[in-house]
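1. Here is my input; please provide its structure:
(chains A, B and C)
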Amino acid sequence: MDKTLQMYLDRLKKLDIRKMYEGDFFLTWEKTDQELEAVFLVADALRYLREHNLSTRIFETGLGISLFRDNSTRTRFSFASACNLLGLAVQDLDEGKSQLAHGETVRETANMVSFMADVIGIRDDMYIGKGNTYMHEVVDAVTQGHAEGVLEQKPTLVNLQCDIDHPTQCMADMLHIIHEFGGVENLKGKKIAMTWAYSPSYGKPLSVPQGVIGLMTRFGMEVVLAHPEGYEVMPEVEEVAKKNAEKTGGSFWKTNSMDEAFQNADIVYPKSWAPFAAMEKRTQLYAQGDSQGIQALEKELLLQNAGHKDWCCTEERMAATREGKGLYLHCLPADINDISCQDGEVEASVFDRYRTQLYKEASFKPYIIAAMIFLAKCQDPHGMLNTLYQQNKKRQYSK
Amino acid sequence: MDKTLQMYLDRLKKLDIRKMYEGDFFLTWEKTDQELEAVFLVADALRYLREHNLSTRIFETGLGISLFRDNSTRTRFSFASACNLLGLAVQDLDEGKSQLAHGETVRETANMVSFMADVIGIRDDMYIGKGNTYMHEVVDAVTQGHAEGVLEQKPTLVNLQCDIDHPTQCMADMLHIIHEFGGVENLKGKKIAMTWAYSPSYGKPLSVPQGVIGLMTRFGMEVVLAHPEGYEVMPEVEEVAKKNAEKTGGSFWKTNSMDEAFQNADIVYPKSWAPFAAMEKRTQLYAQGDSQGIQALEKELLLQNAGHKDWCCTEERMAATREGKGLYLHCLPADINDISCQDGEVEASVFDRYRTQLYKEASFKPYIIAAMIFLAKCQDPHGMLNTLYQQNKKRQYSK
Amino acid sequence: MDKTLQMYLDRLKKLDIRKMYEGDFFLTWEKTDQELEAVFLVADALRYLREHNLSTRIFETGLGISLFRDNSTRTRFSFASACNLLGLAVQDLDEGKSQLAHGETVRETANMVSFMADVIGIRDDMYIGKGNTYMHEVVDAVTQGHAEGVLEQKPTLVNLQCDIDHPTQCMADMLHIIHEFGGVENLKGKKIAMTWAYSPSYGKPLSVPQGVIGLMTRFGMEVVLAHPEGYEVMPEVEEVAKKNAEKTGGSFWKTNSMDEAFQNADIVYPKSWAPFAAMEKRTQLYAQGDSQGIQALEKELLLQNAGHKDWCCTEERMAATREGKGLYLHCLPADINDISCQDGEVEASVFDRYRTQLYKEASFKPYIIAAMIFLAKCQDPHGMLNTLYQQNKKRQYSK
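-> So this is what the prediction gives:
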């Protein structure tokens, strides 16, 4: 066996990941460090196998259910790719096509679509206090359904973005960082700036900045959260970040200056989001069906945004990062100045210089999702990966 | 081989099911008793195999085409699950996406989508006199296409609900009953009440009550059809039910009293439907494009419904069933009092008590559909099931 | 090995098709004669294997991405069938579901959906100068993505219809002709009339007539393009046709008389299309968002069409073809007199007489698409086909 794959397997073998089997993936901070490491290692191992034209299929038949609350190309394709990689067919449960709703109905629908479901991937990030709750309702329903003999298997939930966290995105970002820096052991003391950036649209989800500070604080890094006043994220997640930093010998601090955040940063992640308080208010207005209130709020938010057009990832700011070579991250698509909008999150020349790296960053997501499923489905992930290698079954027969 | 599976196979071997091979499934009363028994046995056998993590795949590649005239989560997922279980990929032919219509076009479209189709599942229950006719048009078209060398195989049609029958639903209901009562041999003399129930919506299809009286009268049971005056079902199907009952030593009778129907019933199936005559009228109005007429009819129907709010499956009525423990059935979703509507088909406490059983009832549908396909595709279903068992190929490799 | 399959393989072995490996399929006239022959041979061989219930799967897992700019049943199903035949799952990238657009975004989206894509099938035929250009943008993006390590494989593009050519349609038409005439060697000197025909709709794409004259002129046939004045096709494609004819000893000429075109024709292909100049104008109007201009143009085009209702494929005209038995072709769906419209492209009795042949013509398309993919994915297509035959793996296990 090649050394690289051997290393992934050796490290995986040492981890205590017993609780991942038949588990779910909601939030990164509900997972132990070893569990997160397992996701990275399995993602790398699956990628290694696929790159060597080896089949990573672990299902002969089976379904992956995708449930998206709003349109999504990237996440949809990442999930479909991950399912396909493992041998699962995808069946979309679109709200337009279905009789989906909250409450009692969730329990019923969750069971009705899961008779042969091995995985359920949900993206529900629109309303504060709703998405993660909904995912738990689904998992509770199918867990009960399985216990009562309705379902032959309990499908595994993968959180494809909720109101609190965006674990598949942030772990893909992190795996990208690990590869760029040559290993997680090289991250101690590195400075990463998660900063707000101006966008002409409003209401972008908080799950990325929250997910980033909730995850990146676990590797001994100096994590800075920067945003204009009024763009606070959920206080509970800031608490998570603080505790993480304390444990790992890293740090977590906040600033209202983008410049300060960029100063000597090894990594920058400039991205727009909506203020937490405003998103909460919007959720209430939607619940009340107050469309006038919503319109007024949108107007107010756009006006508030417009006061911060200077929060842009410029060449000047990039020059202030570590040796002028800080790693630029984005979850894509970005609002690029003079390309997708007049004023946006990033200058075109910056974006263009990092384009290939940004695409690579995104390329980890299907593997992260597949790894989460793999770890929930294999009691012995190390053994299964070894089997996939040893059996030498080609993914593409003609190669 | 385990005794349970052996028993399914032994019984299957004795049945004369030669006509099912390369056949279609339109209406249960077009099938012999042995053919229906074969569907139940194959469904149970496939479930047994899947529960024991054995692959039930009989196709290396192939397509199942689904064609739904209206939105549907449950049926869509049941069909997708059945196809996946056998190794087929699903391709949806949605009207929105296609150039579908009646007449000459049916013949053409049916051929155009079937070049590599092994199965076509159709749900078309909206208009009286249309759905079943349409399915026959499709089957005639692909049969001719196959005979003339256009199609390499004749895809098998599975009726996923038409204006006359809902065979996959009713056979799933029946298989549930068989399991609940410990075998079809225990059903002789049992009383089942198919009764109308109030719903604030109108125009629910007749295919369930029709399918139930057309099927359940074949097992020596006492089948009662109860509804308010004016909610008659298709007279042809009542004729089918009468003849069935005569043959099997059971009975079929009607009443306009929900209480009478529930009295000492072993099984109750309270569910709303629209009057047959009104549905016929509506079909004509649609054909004429008379939107004013349709609106007037809808108003009239809702008013007519509202006069029968007392047709609800209450705790009081459940207490009148056999020892107060009659089995409550529903095809789901149900209109539940104070949950999905103010007044509905069933009281919340009744529904909740039977919830797990209702979900189990629904869980048979993917297997019933898969069994129908299996029997149309295997010349020797007994031998194929035996092979699936003996080859010992795992569905999920990691288990 | 059966003689028929042996013949396909023997002929395939002699062809120089090295450039097809890891290539794309944009326009037939960008391919050599040997490359086109390879597509026909592989299509025939794959069909042979499937007809003999042999698996043609060359992928254990993998994705085919379909991208349709407008609704399409036939092409969608052909592409899905081709992918399934080879073992790929289809993932649709519908514009409604995605964040698709032109320019910078194409590059990004193309990469984002391609992490595990083996094939991308695109239909984009609406606007002159756009569809083919867009396909090249996509291929450039994924080629670069692959070179830069973003994508592990470069997905193969299959042009499912652009503004210039409709290669999968025209090659299916051609393979149908080859089979009807008993071999490509029998086509020398045969007369084929690609003629305009009246339709009550307007704006039908030019890709079929253009594709036909660009392809059919390569087999030594006499190719006639007939249309009323003002219905010119792209001049560049006429140039292609002329040059092709010169090379192969065939001919290409134009006429404004449908009768002249039909006279002693061995094959006729009467079909409506929009004038090239008008389509160009429409593209500009759309670009300018000039909806009044578009409406005015549509009115004008319909009026222009209405002046040519006599351009119909009548029994009388069919009688003037070679021995009254010319082969009637159409890409379907056709506008049939008194069936789909009052006045249309073809008389009902003509269409009906050729119906089975028309369906057979269409049945080649999934195989043509599969052959294009196969040739791009197999470095040794001959060897792979031989393996598929020798391994004797059944497509349907129960047969």
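
2. which bits of chain A sit near chain B?
-> Counting by C-beta under 8 Å from any C-beta of the partner chain, chain A comes close to chain B at A:57-63, A:89, A:91, A:93, A:96-100, A:103-105, A:108-109, A:111-113, A:115-116, A:118, A:145, A:148-152, A:377-380, A:384, A:387. In this view, the C-beta of every residue, glycine as well, is placed from N, C-alpha and C.

3. ok, the spatially most central residue of chain A - contacts?
-> Chain A has A:Gln169 as the residue nearest its centroid, 2.3 Å off, counting by C-alpha atoms, centre = their mean. Counting by C-beta atoms under 8 Å, 6 or more residues apart in numbering or on different chains, A:Gln169 makes contact with A:Gln161, A:Ser207, A:Val208, A:Gly211, A:Cys331, A:Lys365.

4. roughly how far apart are the residue of the stretch 201-350 of chain A found nearest chain C and C:Arg69?
-> In the stretch 201-350 of chain A, the residue that lies nearest chain C is A:Ile339 (5.4 Å; C-beta to the nearest C-beta). Separation of A:Ile339 from C:Arg69 (C-beta to C-beta, to the nearest Å): 23 Å.

5. before we move on, the earlier item: so which of the contacts of A:Gln169 are in helices?
-> A:Ser207, A:Val208, A:Gly211, A:Lys365 (DSSP state H).

6. Count the neighbours of the second one for me.
-> Which is A:Val208. By other C-beta atoms under 10 Å in any protein chain shown, 25 other residues sit near A:Val208.

7. what's the answer for the last one, then?
-> When counting by other C-beta under 10 Å, one arrives at 28 neighbours for A:Lys365.

8. Looks like it contacts A:Ala80 (just checking).
-> No - here A:Lys365 lies out of contact with A:Ala80, judged by C-beta atoms under 8 Å, at a distance of 11.5 Å.

9. Now do the same contact list for A:Phe26.
-> A:Asn132, A:Met135, A:His136, A:Leu157, A:Asn159, A:Cys162, A:Asp165, A:Pro167.

10. so what's the closest residue to the second one other than its chain neighbours bridging to?
-> Distance criterion C-beta to C-beta, 6 or more residues apart in numbering or on different chains; nearest residue to A:Met135, sequence neighbours excluded, is A:Ile122 at 5.3 Å. Here A:Ile122 shows beta-bridge partners A:Leu67, A:Asn159, assigned using DSSP bridges.

11. Strands along the stretch 151-300 of chain A, start to end?
-> Ranges of strands in the stretch 151-300 of chain A, per DSSP state E, counting those that start in this stretch, are A:156-162, A:191-196, A:222-226, A:251-255, A:267-271.

12. Make JSON lines out of those and add mean pLDDT and distance to B:Lys399.
-> As requested, the strands of the stretch 151-300 of chain A are exported to JSON lines (pLDDT from 0 to 100; distance: least, C-beta to C-beta, whole Å):
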{"stretch": "strand A:156-162", "mean pLDDT": "97", "distance to B:Lys399": "13"}
{"stretch": "strand A:191-196", "mean pLDDT": "98", "distance to B:Lys399": "40"}
{"stretch": "strand A:222-226", "mean pLDDT": "98", "distance to B:Lys399": "40"}
{"stretch": "strand A:251-255", "mean pLDDT": "98", "distance to B:Lys399": "41"}
{"stretch": "strand A:267-271", "mean pLDDT": "98", "distance to B:Lys399": "39"}
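
13. Columns mean neighbour count on top of those, output as JSON lines?
-> Formatted as JSON lines, the strands of the stretch 151-300 of chain A follow (neighbours: other C-beta atoms under 10 Å in any protein chain shown):
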{"stretch": "strand A:156-162", "mean neighbour count": "26"}
{"stretch": "strand A:191-196", "mean neighbour count": "26"}
{"stretch": "strand A:222-226", "mean neighbour count": "24"}
{"stretch": "strand A:251-255", "mean neighbour count": "17"}
{"stretch": "strand A:267-271", "mean neighbour count": "27"}
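
14. Can you tell me which of those is nearest to C:Lys254?
-> Ranking these by proximity to C:Lys254 (C-beta to C-beta) places strand A:156-162 first, at 56.0 Å.

15. Please state the offset of that closest one from the chain centre?
-> Strand A:156-162 has its C-alpha centroid displaced from the chain centroid by 9 Å (C-alpha atoms, centre = their mean, to the nearest Å).

16. Same question for stretch A:149-169.
-> Relative to the centre of its chain, stretch A:149-169 is centred 12 Å away, using C-alpha atoms, centre = their mean.

17. which residues sit in contact with A:Asn111?
-> Contact analysis of A:Asn111 by C-beta under 8 Å, 6+ apart lists A:Ala141, A:Val142, A:Gly145, A:Val150, A:Leu151, B:Tyr359, B:Ala362.

18. For the last one, give me the pLDDT.
-> The per-residue pLDDT reported for B:Ala362 equals 97.

19. Can you measure across stretch A:142-151, start residue to end residue?
-> 7 Å (C-alpha to C-alpha, to the nearest Å).

20. who touches that stretch?
-> Stretch A:142-151 has contacts (C-beta under 8 Å, 6+ apart) with A:107, A:110-111, A:114-115, A:117, A:120, A:152-155, B:356, B:359-360, B:363.
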